[in-house]
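Trainee: need a 3D model of the following:
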Amino acid sequence: MEERDIVVVGGGPAGAATALWLREVDPGLASRCVVLDRAEFPRDKTCAGGLIPHTLELLADLGLSLDVPHVRVDRARVETGGSPVSVAQEGICWVIRRCEFDAMLLDAARARGIEVRCGIKVESLRREGERIVVETSGGSILARAVVGADGSGSLVRRSLVESGPGWVARASMADVPTGRDVPDEIFEFDFRSIRAGLAGYEWSFPCLVDGRPHWNVGVYSLRRDGEGGRIGRLLDRRAGGPGVRHQAAPIRLYDGRSPIAAPGVLLVGDAAGAEALLGEGISFALDYGRLAAAELSSGFARGDLSFAGWSEAVRRSPMGRKLRRLAMFARLFYGPTSPIWFFLMRLSGRVQAIGLNWYNGVGASTRASASFDPGVAGRPPARR
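Mentor: Numbers count the residues shown, from 1 in each chain. I've put the predicted structure just below:
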């Protein structure tokens, strides 16, 4: 049986980021790590693909640039009822396609000496003494530690971490051609359907599909069950009528109470929980990866792979505090008191700007995204 110190299950942003950060903090340990994913990359992924400025800062910390096709968004419109709230700020976010972005991260991991095996399905996991047997379509691996980066339906979590059903949201989306030569540089968040009972929002993001401008339109709801019909109707309306292919995905949300570790096991990314307000997970995936790499390096150095402090370390980290605050905001904005909070939000442009900068990870007192270089460590992206 093959033996490895670390098996990362899942090659998406959280898994790739864990391996990349591990290569930064502990190259020797990274050389004894393998990343497994059942898909061959590039692979499709149901996701709107918005990267906030903090994501690009994290890429820069890894020495990576955003070297995939993307649309930079400089304007936002928020519909809450009445006059829309408009925000103009250079570099509010960058919209990518996950098939290209995820492949970019995995390629970077390979280029830095991380072993990546695609097309390998993890079929089961079980404990064998202090080790974990990872049964795959390519054979068995005996691991000292396993990182569950396998998404909201995580097999690692279900097999090895005591966890209930959790807090699971739902997102559905579709891609609609714009008929334009270049994409718009504005996105829209529409919260008006809350009045009709939706515990969430609708969106329209500009994107490039095979180099052609499209709108990625979608609907997000905190309630996964019983919302399929409502979400489908809203999505058809936003897409301009029925007949457009829908893609749907569950999103496991972070709540700070569900365990995200067990002896020899860490959960990261959506397996541990995404943010609840908008369902964004990419920046958090990279943050989870950085924290997990430090936890793995420390645990192996001490000879303690219980990871007993992982849940609390995440909870108390800046990322964890943000996740908890966004969960609180989600309950306020999508609950019975939502009209009050949307009214207060509309009163002050300064409050809106502070909130946007805080969410985007640049903060009111740090560099604004208007001065942020989206080229990061490489060239600036071309305007498309």
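
Trainee: mind checking the backbone torsions on the residue most central in space within the chain?
Mentor: Centroid-nearest residue in the chain: residue 281, 1.9 Å away (criterion: CA atoms, centre = their mean). Per-residue torsions, residue 281: phi -130, psi -10 (degrees, to the nearest 10).

Trainee: that one contacts residue 270, correct?
Mentor: Yes. Residue 281 lies in contact with residue 270 (CB atoms under 8 Å); the separation is 5.4 Å. Where C-beta positions appear, they are placed from N, C-alpha and C, glycine not excepted.

Trainee: which residues touch the residue nearest to the centre of the chain?
Mentor: 13, 47, 251, 269-270, 274-275 (CB atoms under 8 Å, 6 or more residues apart in numbering).

Trainee: out of these, which are inside helices?
Mentor: Among those, the members falling in helices are residue 13 (criterion: DSSP state H).

Trainee: for residue 114, give its distance to residue 310.
Mentor: Going from residue 114 to residue 310 by CB to CB, to the nearest Å gives 21 Å.

Trainee: assign a three-state SS to the residue lying closest to residue 31 once chain neighbours are set aside, would you?
Mentor: Closest residue to residue 31 apart from its sequence neighbours, by CB to CB, 6 or more residues apart in numbering: residue 113 at 6.4 Å. Of the three states, residue 113 takes coil according to DSSP: H, G, I helix; E, B strand; the rest coil.

Trainee: next one: residue 117
Mentor: Using three-state DSSP, the structure places residue 117 in strand.

Trainee: next, count neighbours for it.
Mentor: Other residues within reach of residue 117 by the criterion other CB atoms under 10 Å amount to 15.

Trainee: that older thread, surely the residue nearest to residue 31 touches residue 33?
Mentor: No. Between residue 113 and residue 33 there is no contact under CB under 8 Å: 9.9 Å.

Trainee: neighbour count: the two, which is higher?
Mentor: Shown here are residue 113 and residue 33; by other CB under 10 Å, residue 33 has more neighbours (26 against 12).

Trainee: how close does residue 144 get to residue 114?
Mentor: 17 Å.

Trainee: let me fix that: residue 252
Mentor: 25 Å.

Trainee: of those two, who's got more company?
Mentor: Using other CB under 10 Å as the criterion, residue 252 and residue 114 rank with residue 252 on top: 26 against 21.

Trainee: ok, the more buried one touching residue 150?
Mentor: No. Applying CB under 8 Å as the test, residue 252 and residue 150 come out as separate, 11.0 Å apart.

Trainee: hey, what's in contact with both of these two?
Mentor: Common neighbours of residue 252 and residue 150, using CB under 8 Å, 6+ apart, are residue 271.

Trainee: quick one, helices of the stretch 51-200 of the chain?
Mentor: Per DSSP state H, counting those that start in this stretch, the stretch 51-200 of the chain carries helices over the ranges 53-61, 98-111, 155-160.

Trainee: and those helices: which comes nearest residue 1?
Mentor: If you check each of those against residue 1 by CB to CB, helix 155-160 wins as the nearest, at 18.0 Å.

Trainee: and the closest one, what does it pack onto?
Mentor: When contacts are defined as 3 or more CB pairs under 8 Å, 6 or more residues apart in numbering; DSSP states H and E, helix 155-160 sits against strand 122-128, strand 139-148, strand 265-267.

Trainee: if you count neighbours, what's buried in that helix?
Mentor: For helix 155-160, a neighbour-count test (16 or more other CB atoms under 10 Å) marks 155-157, 159-160 as buried.

Trainee: just curious, which of those is nearest to residue 199?
Mentor: Using CB to CB, residue 157 comes nearest to residue 199 of the buried residues of helix 155-160, at 24.1 Å.

Trainee: report the separation between residue 160 and residue 125.
Mentor: The gap separating residue 160 from residue 125 is 6 Å, by CB to CB.

Trainee: overlap in contacts, the two.
Mentor: 132, 146.

Trainee: would you map the strands across the stretch 251-384 of the chain?
Mentor: 261-262, 265-267 (DSSP state E, counting those that start in this stretch).

Trainee: out of the ones you listed, which gets nearest to residue 222?
Mentor: Nearest of the strands of the stretch 251-384 of the chain to residue 222, taken as CB to CB: strand 265-267 at 20.8 Å.

Trainee: closest to residue 341 out of the buried residues of helix 155-160?
Mentor: Closest to residue 341, out of all of the buried residues of helix 155-160 and judged by CB to CB, is residue 157, at 32.2 Å.

Trainee: now the end-to-end length of stretch 179-186.
Mentor: End-to-end distance of stretch 179-186: 16 Å, with CA to CA, to the nearest Å as the criterion.

Trainee: buried ones in that stretch?
Mentor: 183-186.

Trainee: CSV please, covering the residues you listed and showing distance to residue 17 and pLDDT.
Mentor: Putting the buried residues of stretch 179-186 into CSV (distance: CB to CB, whole Å; pLDDT from 0 to 100) gives the following:
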residue, distance to residue 17, pLDDT
183, 27, 78
184, 30, 81
185, 27, 85
186, 29, 90
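
Trainee: got the domain boundaries for the protein?
Mentor: 2-49+97-166+255-343, 168-252 (automatic domain parsing).

Trainee: among those, which gets the worst mean confidence?
Mentor: Per-stretch mean pLDDT for the domains of the chain is lowest at domain 168-252 (a mean of 89).

Trainee: and the next element down the chain from the host helix or strand of residue 203?
Mentor: Under the criterion of DSSP states H and E, residue 203 resides in strand 200-209. Using DSSP H and E, the helix or strand that follows strand 200-209 in sequence is strand 212-221.

Trainee: which helices and strands does that following strand pack with?
Mentor: strand 167-177, strand 200-209, helix 228-239.

Trainee: contacts only, for residue 242.
Mentor: Residue 242 makes contact with residue 236 under the criterion CB under 8 Å, 6+ apart.

Trainee: I'd say residue 53 and residue 73 touch.
Mentor: No. Assessed by CB under 8 Å, residue 53 is found out of contact with residue 73, at 11.0 Å.

Trainee: all good on my end, thank you.
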